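J.: Provide a 3D model corresponding to the input given below.
(4 chains)
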Protein chains: 2
Amino acid sequence: MLKLSKKADYGLMALQHIASNQYGDVAHARVVNTKEIAEEYHIPVELLAKVLQTLSKSGIIESHNGPKGGYLLGKNPREITIAHVLESLEGPLGIMDCSHEKDGDACMQREHCNIRTPLLKIQNSIYQLLNNMTLQDMLGGTPLITIQSVATEQQGVER
Amino acid sequence: MLKLSKKADYGLMALQHIASNQYGDVAHARVVNTKEIAEEYHIPVELLAKVLQTLSKSGIIESHNGPKGGYLLGKNPREITIAHVLESLEGPLGIMDCSHEKDGDACMQREHCNIRTPLLKIQNSIYQLLNNMTLQDMLGGTPLITIQSVATEQQGVER
DNA sequence: TGATCTCCGACCAAATCAGTCGTACAAAAG
DNA sequence: CTTTTGTACGACTGATTTGGTCGGAGATCA
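T.: Residues are numbered from 1 along each chain as shown, chains lettered A, B, ... in the order given. Purely as a prediction, here's the structure:
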């Protein structure tokens, strides 16, 4: 549950890649294009293209047309929050349908709804989580891992 | 994005209702049936039934057959975590597809995947959030509200 | 001018989800 | 002990969302 879409996955991967090439060892910014990223991560090109276009509209990246064109980061990695990326790709964060509706309409059970307040609280916490993490955080400490001790076995999950 | 399913919504509402009737003012436990809940919250009966069945299998509630039958909580509200409820209704928590897969299979981009570790961290934080909140927390402070000052006007959500 | 690349719209197929129908079973009533 | 009532339960179906595809137009550089 709460799985995020492929678009989001691809978008984050692409951003990480772009950022690496732009702020990596070499000083000069390198423009990377859609095809390059798609091949590197085995992503369908056209879909990735659409994702990048969306990110471009949101100002997260800049597009450069023509041959030798491609994408560059629109701002500093520290300024790019995960929340912003995800929201621009998947729409606004909303745990439940009635997250940001005006008063009474559209929700039959609204007046009797007993779970709205606590759920809003959860939603807000998640938002803060995503809003406090930036692309920069995804660059630095990514040592290929094996943290599986965290949430794998412990909970008595029935399958 | 990250919206949870109707099943989850209905399940939480129903649990809140059951808990209220069982641990409310009156000392004796009152058995509530599917139809009652469905009418109260305007939920399609059969769908709610299925949800309750699932919760019953997970041991979160107990079912009682026959006339005057219905449902009761399977444990104390403090023992019932939101995480458990949601996972039993929507499957295990997984921000990304490769959340709990064993090593190399099933994910083409796995070896080049640069976002797995940070995303796992986020996922784990969300899990803790859901795991620390119990049904009890949804009972106490739910004063029927008309808190519309929170998320109506202001888009820029702070804390 | 021609080749290469991004941009943009519409389009299709597969998977998931919300909701429905019919049956089996347990408890109360006669 | 049989009937009747109301429940749980599981299989089934329709609708919405999502992942992925296709074709063309505009911009830039050699």
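
J.: What are the contacting residues of stretch A:82-97?
T.: A:4-5, A:7-8, A:11-12, A:15, A:51, A:54-55, A:57-58, A:60, A:99-100, A:106-107, A:116, A:119-120, A:122-123, A:126-127, A:130-131, A:133-135, A:138, B:1-4, B:9, B:122 (Cβ atoms under 8 Å, 6 or more residues apart in numbering or on different chains). Using the backbone N, CA and C atoms, a C-beta is placed for each residue, glycine as well.

J.: Is there proximity between the helix or strand hosting A:Leu89 and DNA strand C?
T.: In this structure, A:Leu89 sits in helix A:82-90 according to DSSP states H and E. No: with Cβ under 7 Å from any atom of the strand as the criterion, DNA strand C is not reached by helix A:82-90; the gap is at least 13.1 Å.

J.: my guess is A:Glu40 meets A:His17, correct?
T.: Yes: A:Glu40 is within contact range of A:His17, at 6.7 Å (criterion: Cβ atoms under 8 Å).

J.: And these two? Which one has more around it.
T.: Neighbour count, other Cβ atoms under 10 Å in any protein chain shown: between A:Glu40 and A:His17, A:His17 has more, with 19 against 15.

J.: how far away is that one from DNA strand C?
T.: Look at A:His17 and DNA strand C: by Cβ to the nearest atom of the strand, to the nearest Å, they are 12 Å apart.

J.: just A:Ser63 next, same as before
T.: 2 Å.

J.: And A:Leu86, by the same measure?
T.: For A:Leu86, the distance to DNA strand C equals 18 Å [Cβ to the nearest atom of the strand].

J.: hey, where'd the helices end up in chain A?
T.: For chain A, helices defined by DSSP state H occupy the ranges A:6-23, A:34-41, A:45-57, A:82-90, A:116-132, A:135-139.

J.: and stretch A:62-82, is it in reach of DNA strand D?
T.: Yes: using Cβ under 7 Å from any atom of the strand, stretch A:62-82 reaches DNA strand D at A:64-69.

J.: if we can go back for a sec, is it possible to mark the buried ones in the contacts of stretch A:82-97?
T.: Neighbour-count burial (16 or more other Cβ atoms under 10 Å in any protein chain shown) applied to the contacts of stretch A:82-97 gives A:4, A:7-8, A:11-12, A:15, A:51, A:54-55, A:60, A:116, A:119-120, A:122-123, A:126-127, A:130, A:133-135, A:138, B:1-4, B:9, B:122.

J.: Contacting DNA strand D as well, which ones from the residues you listed?
T.: By Cβ under 7 Å from any atom of the strand, the members of those lying near DNA strand D are A:Lys7.

J.: what is the orientation angle of the helix holding A:Leu89 with helix A:6-23?
T.: Relative orientation of helix A:82-90 versus helix A:6-23 (axes from the mean of the first three to the mean of the last three Cα atoms, to 10 degrees): 130 degrees.

J.: Helix A:82-90 versus helix A:45-57: what angle between them?
T.: Angle, helix A:82-90 to helix A:45-57, by the same axes, to 10 degrees: 120 degrees.

J.: Quick check: buried residues in helix A:82-90?
T.: For helix A:82-90, burial by neighbour count (16+ other Cβ under 10 Å) applies to A:82-90.

J.: between those, which is nearest A:Val32?
T.: Of all those, A:Val32 sits closest to A:Val85, with 17.0 Å by Cβ to Cβ.

J.: From B:Val32, how far out is that closest one?
T.: Using Cβ to Cβ, to the nearest Å, we find A:Val85 at a distance of 44 Å from B:Val32.

J.: same deal with A:Leu120?
T.: Remark: distance between A:Leu120 and B:Val32 (Cβ to Cβ) = 25 Å.

J.: who touches A:Lys3 in this structure?
T.: Contact analysis of A:Lys3 by Cβ under 8 Å, 6+ apart lists B:94-97.

J.: where does A:Leu139 land on pLDDT?
T.: Here, the pLDDT recorded for A:Leu139 equals 87.

J.: OK, contacts around the residue nearest to it when sequence neighbours are not counted?
T.: Excluding the flanking residues, the one nearest A:Leu139 by Cβ to Cβ, 6 or more residues apart in numbering or on different chains is A:Ala19, at 5.7 Å. Going by Cβ under 8 Å, 6+ apart, A:Ala19 touches A:73, A:77, A:135, A:138-139.

J.: Between all of these, which two are at the greatest distance?
T.: Farthest apart among the contacts of A:Ala19 - using Cβ to Cβ - are A:Leu73 and A:Met138, which lie 12.6 Å from each other.
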